[in-house]
Structure formats: C-alpha cells, structure tokens
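> build me a model:
(one chain, ligands or ions: 1)
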Amino acid sequence: MSTEAQAGKGSHGLNIILLGPPGAGKGTQAARLVEERGMVQLSTGDMLRAAVKADTPLGREARLVMDRGELISDEIVSGLIGEALDRIPLSTGVIFDGYPRTAEQAVSLDRLLAERGRTLDHVIELAVDEDALVDRITGRFSCAQCGAGYHDRHKLPARSGVCDACGSTDFKRRPDDNEDTVRTRMAEYRGKTAPILPIFDARGIVRRVDGMASMEHVAEAISDILGQH
Ligand code: ADP
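Numbering: from 1, shown residues only. Here you go, the predicted model:
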C-alpha cells in the first residue's frame, strides 16, 4: 500500500488520542498501530522518562513529580508535544498516548494541531476496571534490552530470568509502578483526565472500547474504528 493510501485522508494522516487510566493498555495498542500502520506514537510519559534518564534539567525537575504519580505542568508537556509534532510530516498519522491529561492540555492540543493544519479524528477511550489495573501495573516489568513486556503473575519468561525475545537477563520496572503511586495516578486520571471526555464527546469523536478484553480483541476494535486508513 502506498504511504498516501495508508494515510487515507489524501495526504493527511489520522490524528487520534488513546485515552484511559494508567495500565489500560494505551502503550501496547499504540505500539501495534505504529507497527501495522506506520503511525507515530507520541507518549508524554516516554518523553519525560527519556528526559529523566538523560538527566536533563527537565528530567531532574520531572522525576520527583512522576515518582509521586502527580502531573507535570501543562506548559511543559504541551511544549514537548509541539516540538515533536514539528518533526512529523502531515502525511504520517499520530497517536497521542498519555496526552492530553487535563482540560488545559486538551485546549493546547487543539491549538497545536490547528497551527499545523491537522485535525483530531478519533478519541478512543479504553474502558477498564480500576482494581484489575492495580494488579496489572504492580506486576509489570520489561526487558531492559529489547523492551519485551512481562508480568509477575500473568506472563513470566519461559526460562526464569531470561527474556523470551532476546535472551537478555536484564529486566527493569518503572519506579512509579508501586501501589501507592498507582493509586495517586488513578486519582489524577479520575479527577483531571476523565472529565475532558465530554469536550470531545460533544464533537462526536469519542469511541469506547472494552479495555478488559484480550489484547487482540482490543486491537481489532481499534482497527474497526480507524477503518482502512
Ligand atoms: P501511565 O499512563 O501508566 O500513568 P505515563 O507513562 O503516561 O503513565 O505517565 C507517567 C507519568 O508521567 C505520569 O504519572 C505523570 O507524572 C507524567 N506525565 C505523563 N504525561 C503527562 C501529561 N500529559 N501531563 C502531565 N504529566 C504527565
């Protein structure tokens, strides 16, 4: 398929938001869309973690806030998104993962898109059960080499301590994946992020997907929403 046919809207790629509480599977589904459709994933969480790892001034400022599970300022994350969008051609579709997270960020995203001739096509809400999420998040870890995902209770490597995908024996966990911080992240989602859904609902672009279904089912449901693009 040509890049233009994949883009679907003539020369414009789709712009979509994956919205849902921590652990809903936004990152997993975004990675699939990147793989299958050549879209670009913009995850503010990944960008902030990269800044923390690189020990930049932003990273040093962000680390403590992230470790508590609280939100980084709207200005900073919207700045990161604007800079990232400038590097992506209009023909390439974009998945916003973990952004916008507040009403102010939703307004900023509209402006950032409009300034670049983009429009928001879909907001996909991953609906999930909070208690199941705490279990999902507090057990997750990944290969430090290739990023393959595992879980203490649901998906251990076939050979203990060895990555199935690349053979590495080096694994990592996110420092904010502990129960206290997860509860704070959930509360931030409930209090600040879920309330932005009506803004998009009023435009008729919100689609709800059952995020408790299997990864494959969720992927299929999202694929149906995006259609042939
Ligand atoms: P999750 O969705 O699993 O909580 P993310 O990787 O999206 O994780 O985000 C991790 C942390 O990074 C958040 O708890 C918050 O501190 C910060 N963060 C990420 N995106 C944003 C954003 N859009 N606005 C404010 N803070 C953010």
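
> so what's the nearest residue to His12 once chain neighbours are set aside up against?
Using Cβ to Cβ, 6 or more residues apart in numbering and skipping residues adjacent in sequence, the residue nearest His12 is Leu90, 5.7 Å away. C-beta coordinates here come from the backbone N, C-alpha and C atoms, glycine included. Shown in contact with Leu90 (Cβ atoms under 8 Å, 6 or more residues apart in numbering): 11-13, 116-118.

> who in this structure is up against the ligand?
22-23, 44-45, 48, 65-66, 69-72, 77, 98-99, 101, 105, 176, 185 (Cβ under 6 Å from any ligand atom).

> give the PyMOL command for selecting the buried subset of those.
The buried residues among those can be selected in PyMOL (16 or more other Cβ atoms under 10 Å) with this line:
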select buried, resi 22+23+44+45+48+66+69+71+72+77+98+99+101+105+176+185
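
> looking at the contacts of Leu90, state which has the most neighbours.
Gly13 (25 neighbours; other Cβ atoms under 10 Å).

> does that one touch Leu85 like I think?
No - using Cβ atoms under 8 Å, Gly13 is not in contact with Leu85; the gap is 11.5 Å.

> what touches both of those two?
Counting by Cβ under 8 Å, 6+ apart, the residues touching both Gly13 and Leu85 are Val94.

> whichever strand or helix holds Val107: which residues count as buried?
Remark: Val107 resides in helix 103-115, with elements defined by DSSP states H and E. Neighbour-count burial for helix 103-115, counted by 16+ other Cβ under 10 Å, picks out 104-106, 108-109, 112-113.

> which of those lies closest to Glu125?
Ala106 (13.6 Å; Cβ to Cβ).
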